[in-house]
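In: Okay, predicted coordinates and the sequence, questions at the end:
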Amino acid sequence: MGINRRDFIKQLAGIGGVALLGKDVNVWAGEPATSLHDSFGVIVDTTLCVGCRSCEKACNQINQDLPRKAPQSYKDNSVFEKRRRMAADSYTVVNRYNNPEDSDKPVYVKFQCMHCTDPACVSACIVGALTKESNGAIRYDPWKCIGCRYCMAACPFQVPAYEYNNAMTPQVRKCTFCFEQRTSKGKAPACVQACPMEVMTFGKRRELIKIAKRRIEKHPDRYIPHLYGEHELGGTSWMYLSSLPFEKIDFPKLGYVSPPSYTEPIQHTIFKHFIPPLTLFAVLGGLMWFLKPKGVKSESVLEEENSEK
Amino acid sequence: MSSHENAAPVKIRFFTTGVKVLIAFMITGLSFGLYRMVFGLGSATNLTDQYPWGLWIGVDVASGVALAAGGFTTAFLAHIFHREHFHAIVRPALLTAMLGYTFVGIGLMFDLGRWYNIWHPMLPMMWQGNSVLFEVGMCVMVYLTVLYIEFLPVVTERFIGQVNLPGMLSFFNEPIDRLLSFLDNILGKVMFVFVIAGVVLSCLHQSSLGTLMVISPYKMHPLYWSLLSPLFFLASAIAVGYPMVIFESMIASKSFGHKSEMHILTPLAKFIPYLLGIYIVLKIGDMIYRGTYVYLFEGSIQSRMFWLEFGILTVLPFLMLLSSRVRSSAGWLFSAATMYILGVLLNRCAVFFVAYQPPFAEKAYFPTIGELALTIGLIATLMLVYRAIVSILPVIPAPEKEAVRE
């Protein structure tokens, strides 16, 4: 992917250097990787959401391979009684949170895959079944997948879900950013388009950051001064504005370092041009030869001696 | 390349009471395995979207690999360091490693959702050099092949000049014999390449297993997340190699009615405090550097796990093995070795599912009876195969009395 910043970290980090990096989480502060500079993103303004679940309905309708759900089922507000998460049958969910300032106006938050700029799941995938497209989407190819679920262990947002009850052809399930149907053609994802309150804004990620910051500046009373996803994990395609601190609406507190920038330098240091393994091989070979006891008896001599006994 | 003249097939009655118990465990375990294959992971395990990895990854795969470290650590000592004294334990350790890794592969098949795609990482079009798991997978696959090659001389030694197929097949006796001699000849000359490769590959994937969870910095309990994790995994695998050889040798001796090989095991145990000491120093140093000792007394399941697997099952056997009295007493040595083996097992479980804290967990993961049964069943099967192989092939040193009689 030719990401300059990451290359820089790779060069910086020998195994010892890696240990130092662990303490400094600010290395990634700044704009996203250059090759994804033009990628798309979405801002979710949680202060506008009324919890109508139109986005959930649109998601189910456009993703025909998900189990069909009756359109009326999305009018059922009892789902807000408990916190939901994305699952193998739903790529997006809306949750309700108490608003400490005005208990009559709860806060609604839509969740889905964040489509990270430097995604842990893509770096983790053993066969490259998960890929990061240049438009920002993270896609999944079930035909490559071996079902190891390392992507799920790696995802900091606990997004990928698994079809545990499918014995033969289980798939990892997560939001596709409507890649095939919409975003590859430059159109907004189905959920964004379906929203009656214009909670979500689709566009180029770097433009969106400017828009979001302008909103925060203009309405300091309405938003906390934090665009979640701008810097978290080195940046995510989906970013959030909120009136409440993000911990209160179930966003994990994350550093600015993307997970792969911890593991990939270790991997690429150990395997740099295969030099370290070959060196180890040579050193061991040298030892083996050097330590060979002088006047060691060859196998045939030993055999003769044995037969004499 | 080495002298194993006194290794011989063990003469035993195969079906003892112990074996029947193992067969019962095997059948129970494999029935649960079959159940998982037919009805899927969801009905057989407690795995969820929150906890994608559980007992099978922690024990069957991660601990399986760590506890098979006796193979490369013994090969290093006997072949690279030329400590001829230890040759007698090379073959049993090699067999354990070979079976250990084979069962890691078998265990993995039950955990993989699309197990029939397990060969995909071999396809160049699917190579994913950024993936830690890709490296682990490739290394384990190559190392398993190396182990089989390293074990071949045991097979050739047994059958050269003794190929005796019945009836029509006897026509093939001579060509097979010649093939075996040819293999034996070639292998004798190039085996050193495989021995060294085995050590290199082991170092690579033992450490990379430790890198796996480094990708989840925000989900791991701080006591178990460190950039030095690959080094911890490597150091603890190296340290558990000899305890595993001691454990297995003593169980085999007991089971086959031989005397414990204390004349080899006591000197072997002398290395353990050094190796274990390196691991302990690394762990404590990292803890001080990152300041994670503050979590030691928080009373969480993770901190208790740490006290159990590190405080009791790692530091204590280390202290015990410093004493020469412990090292020369069969009972004490066995206890210390077993303790550290359990320590490594719990450490791997800690890293892969106890210290793993998904942000939206509803309830903690605990394995189902089926998951436990399959894990135990696979271990029982491994022990049965081990017993069968040592009674056919020259792996275990013949007890001294018999050697004299010859």
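Out: Sure thing, it's come through.
In: which non-adjacent residue is nearest the residue of chain A found nearest chain B?
Out: Closest contact between chain A and chain B, by CB to the nearest CB, is at A:G147 (2.4 Å). Backbone N, C-alpha and C define where each C-beta goes, glycine included. Among residues not flanking A:G147 along the chain, B:G113 sits closest, at 2.4 Å (CB to CB, 6 or more residues apart in numbering or on different chains).
In: so the one you found sits in a helix?
Out: No: the assignment for B:G113 by DSSP: H, G, I helix; E, B strand; the rest coil gives coil, which leaves it out of any helix.
In: Near it, how many residues? Count them for me, please.
Out: B:G113 is flanked by 25 other residues according to other CB atoms under 10 Å in any protein chain shown.
In: Give the full set of residues in contact with it.
Out: By CB atoms under 8 Å, 6 or more residues apart in numbering or on different chains, the residues touching B:G113 are A:C145, A:I146, A:G147, A:C148, A:R149, A:Y162, A:E163, A:N166, A:P170, B:L41.
In: these two touch, right, B:D184 and B:E157?
Out: Yes: proximity of B:D184 to B:E157 meets the contact threshold set by CB atoms under 8 Å, at 7.4 Å.
In: How about the backbone phi and psi for the residue nearest to A:G147?
Out: In terms of degrees, to the nearest 10, the main-chain angles of B:G113 are phi -60, psi -40.
In: Run through who's touching stretch B:62-72.
Out: B:93-94, B:96-98, B:100-101, B:103-104, B:107, B:140, B:147, B:198-199, B:202-203, B:205-206, B:209, B:233, B:236-238, B:240-242, B:244-245, B:248, B:341, B:344-345, B:348-349, B:351-352.
In: ugh, typo on my part, it should be stretch A:61-72
Out: Taking CB under 8 Å, 6+ apart as the rule, stretch A:61-72 contacts A:K57, A:C59, A:N60, A:D89, A:S90, A:Y91, A:R173, A:T176, A:C178, A:Q181, A:R182, A:A190.
In: farthest pair in those?
Out: The distance between the two most remote of the contacts of stretch A:61-72 (CB to CB) is 20.6 Å, for A:D89 and A:R182.
In: Of the two, which one has the most company?
Out: A:R182 (19 against 14).
In: my guess is the more buried one meets A:A194, correct?
Out: No: A:R182 lies out of contact with A:A194 (CB under 8 Å); the separation is 11.5 Å.
In: quick one: low-confidence parts of chain A?
Out: Applying pLDDT under 70 to chain A flags the ranges A:1-37, A:295-309.
In: for it, longest helix please?
Out: Ranked by number of residues, the top helix in chain A under DSSP state H is helix A:275-290.
In: In it, which residues are buried?
Out: Going by neighbour count (16 or more other CB atoms under 10 Å in any protein chain shown), the buried part of helix A:275-290 is A:P276, A:P277, A:L280, A:F281, A:L284, A:G285, A:M288.
In: count of residues packed around residue 209?
Out: By default, I'm working from chain A. 19.
In: not what I meant, chain B
Out: B:L209, neighbours per other CB under 10 Å, totals 27.
In: Mind telling me what element it is part of?
Out: helix B:173-211 (DSSP states H and E).
In: cool, A:N95 as well?
Out: strand A:93-97.
In: Quickly check: that strand near chain B or not.
Out: No: taking CB under 8 Å from any CB of the partner chain as the criterion, strand A:93-97 and chain B are apart, separated by no less than 10.4 Å.
In: Distance of the nearest residue to B:L308 once chain neighbours are set aside relative to B:M191?
Out: Among residues not flanking B:L308 along the chain, B:L346 sits closest, at 6.3 Å (CB to CB, 6+ apart). From B:L346 over to B:M191 the distance is 36 Å, taken as CB to CB, to the nearest Å.
In: try B:E362
Out: B:E362 is 53 Å from B:M191, by CB to CB.
In: Between these two, which has more neighbouring residues?
Out: Set B:E362 next to B:M191 and count neighbours by other CB under 10 Å: B:M191 wins out with 17 against 12.
In: Out of the buried residues of helix A:275-290, which comes closest to B:K219?
Out: A:P276 (28.7 Å).
In: so where do the helices sit in the stretch 301-406 of chain B?
Out: B:301-306, B:316-322, B:324-328, B:330-349, B:369-392, B:400-405 (DSSP state H, counting those that start in this stretch).
In: Flag the shaky bits of chain B, pLDDT-wise.
Out: Using pLDDT under 70, chain B drops low at B:1-5, B:400-406.
In: May I ask you to confirm that A:R149 is in contact with B:W53?
Out: Yes: here A:R149 reaches B:W53: they are 6.6 Å apart, a contact under CB under 8 Å.
In: Who has more neighbours out of these two?
Out: Set A:R149 next to B:W53 and count neighbours by other CB under 10 Å: A:R149 wins out with 25 against 22.
In: Identify the residues contacting that one.
Out: Residues near A:R149 by CB under 8 Å, 6+ apart: A:P160, A:Y162, A:V172, B:L47, B:P52, B:W53, B:G113.
In: before we move on, what about A:C195?
Out: A:S54, A:C55.
In: if we go to 10 Å?
Out: A:V44, A:L48, A:C49, A:V50, A:C52, A:S54, A:C55, A:A58, A:K110, A:A188, A:T201 (CB atoms under 10 Å, 6 or more residues apart in numbering or on different chains).
In: Ok, B:H120 next?
Out: Counted by CB under 10 Å, 6+ apart, B:H120 has contacts A:I126, A:V127, A:G128, A:A129, A:W143, A:K144, A:C145, A:I146, B:R114, B:M126, B:W127, B:G137.
In: and those, which of them are in helices?
Out: Among the contacts of B:H120, the members falling in helices are B:G137 (criterion: DSSP H).
In: Surely A:S39 touches A:G136?
Out: Yes: with contact defined as CB atoms under 10 Å, A:S39 reaches A:G136; the gap is 3.6 Å.
In: Now the common contact residues for the two.
Out: A:P32, A:H115, A:T117, A:T183, A:K204, A:R205, A:S237.
In: From A:Y162, how far out is the residue in the stretch 101-250 of chain B that chain A sits nearest to?
Out: Residue of the stretch 101-250 of chain B nearest chain A, by CB to the nearest CB: B:G113 (2.4 Å). Plainly put, B:G113 is 7 Å away from A:Y162 if you go by CB to CB.
In: next one: B:T368
Out: Note on B:T368: its distance to A:Y162, by CB to CB, is 16 Å.
In: more crowded one of these two?
Out: More crowded of B:T368 and A:Y162, by other CB under 10 Å: A:Y162, with 24 against 17.
In: wait, what's in contact with that one?
Out: Contacts of A:Y162 by CB under 10 Å, 6+ apart are A:87-88, A:147, A:149, A:151-152, A:170-174, B:41-42, B:47-49, B:52, B:113.
In: And B:A337, by the same measure?
Out: B:240, B:242-250, B:265, B:269, B:272, B:317, B:320-321.
In: just B:K270 next, same as before
Out: B:Y242, B:L321, B:S324, B:R327.
In: Which members of these are classed as buried?
Out: Here, 16+ other CB under 10 Å leaves B:Y242, B:L321, B:R327 buried among the contacts of B:K270.
In: any idea what sits nearest B:I23, other than its immediate chain neighbours?
Out: Nearest residue to B:I23, sequence neighbours excluded (CB to CB, 6+ apart): B:L384, at 6.9 Å.
In: Kindly report the same for B:G277.
Out: In space, B:G277 is closest to B:F318, 6.5 Å off (CB to CB, 6+ apart).
In: Isn't the one you found up against B:I280?
Out: Yes: between B:F318 and B:I280 there is a contact under CB under 10 Å: 6.1 Å.
In: what is in contact with the two at once?
Out: With CB under 10 Å, 6+ apart, B:F318 and B:I280 have common neighbours B:A239, B:P273.
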